[in-house]
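>>> Return atomic coordinates for the entry below.
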Amino acid sequence: MLSRSMFLRMTGVAGVVSMAGAVPASAQVLPQPTKAEMLEAIQKAMNETYLSENGKSIWGNTAISISTTEPKIGQLMSKQMYSGKQAQPVWPVRLVASVTVTSTKSATKTIMWGDKPDSAWFFHKNSFGEWAYRLGTE
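Next up, the predicted model:
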């Protein structure tokens, strides 16, 4: 039978406290995302949202443009990003993204993302090693 300390060393979670949000020592290797990496992840997700085949055919969306406020990066933490998955290391970031959608079927519109006072973008690496995010509250 393994002792608790041996188990923790083998699994790489030595030093973890029992508080929610604690980051295992092995997870602290996740580098902070750069502003360019954050914008690339946001651009990719917004393209998938607004410029998908449905977005183009149903809404007539033809283009989007994105501008953001300067990101404020919080402390590395552990958070469950997807249902049924274990918590993973994430960087909470406060920023507001303004997405302007141009359409052939309606007026150009601007949608604000992350503009609530308690909004946070949780940046993490997906299964392919690419930066991704979930928008939520902290």
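>>> Could you use CA atoms for every contact and neighbour count after this?
Will do.
>>> Quick one: list the elements packing against the helix or strand encompassing residue 67.
Assessed by DSSP states H and E, residue 67 sits inside strand 61-68. Applying 3 or more CA pairs under 8 Å, 6 or more residues apart in numbering; DSSP states H and E, one finds that strand 61-68 contacts helix 35-50, strand 97-103.
>>> centre of the chain versus the longest one, how much separation?
For helix 35-50, the distance between its averaged C-alpha position and the chain's averaged C-alpha position is 10 Å (CA atoms, centre = their mean, to the nearest Å).
>>> Can you give the distance of the next helix or strand after that helix from its chain's centre?
Following helix 35-50 in sequence order, the next helix or strand is helix 53-59 (DSSP H and E). Counting by CA atoms, centre = their mean, helix 53-59 is centred 25 Å from the centre of its parent chain.
>>> how near is the nearest residue to residue 103 once chain neighbours are set aside to residue 99?
Nearest residue to residue 103 in three dimensions, chain neighbours excluded: residue 61, at 4.1 Å (CA to CA, 6 or more residues apart in numbering). Residue 61 sits 12 Å away from residue 99, taking CA to CA, to the nearest Å as the criterion.
>>> From what I see, residue 51 and residue 59 are in contact.
No. Between residue 51 and residue 59 there is no contact under CA atoms under 8 Å: 9.5 Å.
>>> Looking at those two, which is more packed in?
residue 51 (19 against 16; other CA atoms under 10 Å).
>>> Now for the more buried one: which residues touch it?
Residue 51 is in contact with 61, 62, 63, 64, counting by CA atoms under 8 Å, 6 or more residues apart in numbering.
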